[in-house]
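> Coordinates for the following, if possible.
(one chain, ligands or ions: 1)
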Amino acid sequence: MQAHKCPNCGASIFTDYVADSSQRKMKISCVYCDSRFTIDNPDYEPPAPAHQRVEEHASAIPYNASTEWDLKVSRAVGYTLFGIFLFSSASMWIAVLRDNSTNRSISTGLAIAFTLLSGLFYFIGNRSARKIKRRRAAGIFY
Ligand SMILES: [Zn+2]
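Predicted coordinates for the structure are as follows:
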């Protein structure tokens, strides 16, 4: 027991009171005058705040806004649309290159647009795939 003094008689010897570490305060009794008073429990350990640990965990990963499922969907959609637009743009480029007439059925601009869109969807799918990998590396599976 640390240097506590009895507020009644000034003695510094008290009955031993074993307090649980979850108790912030503890009651002790003076061995001389038997008056009881409350002191801070020297063994008190504040409980680890569970919600705070979750926040720290989440802030370590800047991708907490999207869930695993969101990322998997956007990866699947991104790569699927990339495949569709890549195939379409390839067919368009073949048609454009074969048809040299001024009155083409498919314009070069449309082929360029589809090529750019396939690139955009590849970027979306790839970005989601990389986010999933980073979450795996950080041990996040939700
Ligand atoms: Zn006392």
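
> CA only for contacts and neighbour counts going forward, please
Will do.

> Would you mind naming the helix or strand containing the closest residue in space to Thr108 that isn't next to it in sequence?
Excluding its sequence neighbours, the residue lying closest to Thr108 (C-alpha to C-alpha, 6 or more residues apart in numbering) is Val96, at 6.4 Å. Using DSSP states H and E, Val96 maps to helix 68-98.

> mean confidence score for that helix?
Mean pLDDT, helix 68-98: 92.

> how about that helix: buried residues?
Under the neighbour-count criterion of 16 or more other C-alpha atoms under 10 Å, helix 68-98 has 68, 71-72, 74-83, 85-86, 88-89, 92-93, 95-96 buried.

> Walk me through the domains of the chain.
Following automatic domain parsing, the chain resolves into domains at 1-46, 65-137.

> Give me whichever of these is most buried.
Across the domains of the chain, averaging neighbours per residue (mean count of other C-alpha atoms under 10 Å) puts domain 65-137 on top, at a mean of 16.

> Now do that one: distance to the chain's middle.
29 Å (C-alpha atoms, centre = their mean, to the nearest Å).

> can you tell me how far the closest residue to Arg127 other than its chain neighbours sits from the ion?
Of all residues not flanking Arg127 in the chain, Arg75 sits nearest, at 7.7 Å (C-alpha to C-alpha, 6+ apart). Distance of Arg75 to the ion, given as C-alpha to the ion, to the nearest Å: 73 Å.

> Repeat that for Trp69.
If you measure Trp69 against the ion using C-alpha to the ion, the figure is 65 Å.

> Then Pro47?
For Pro47 relative to the ion (C-alpha to the ion), the value is 32 Å.

> what does Asp70 give?
Asp70 sits 66 Å away from the ion, taking C-alpha to the ion as the criterion.

> before we move on, back to that, my guess is the residue nearest to Thr108 contacts Leu110, does it?
No. At 9.9 Å, Val96 and Leu110 do not qualify as touching, with contact defined as C-alpha atoms under 8 Å.

> So Cys33 is in contact with Cys9, correct?
Yes. Using C-alpha under 8 Å, Cys33 makes contact with Cys9 at a distance of 6.9 Å.

> Quick check: residues of this structure near the ion?
Cys6, Asn8, Cys9, Cys30, Cys33 (C-alpha under 5 Å from the ion).
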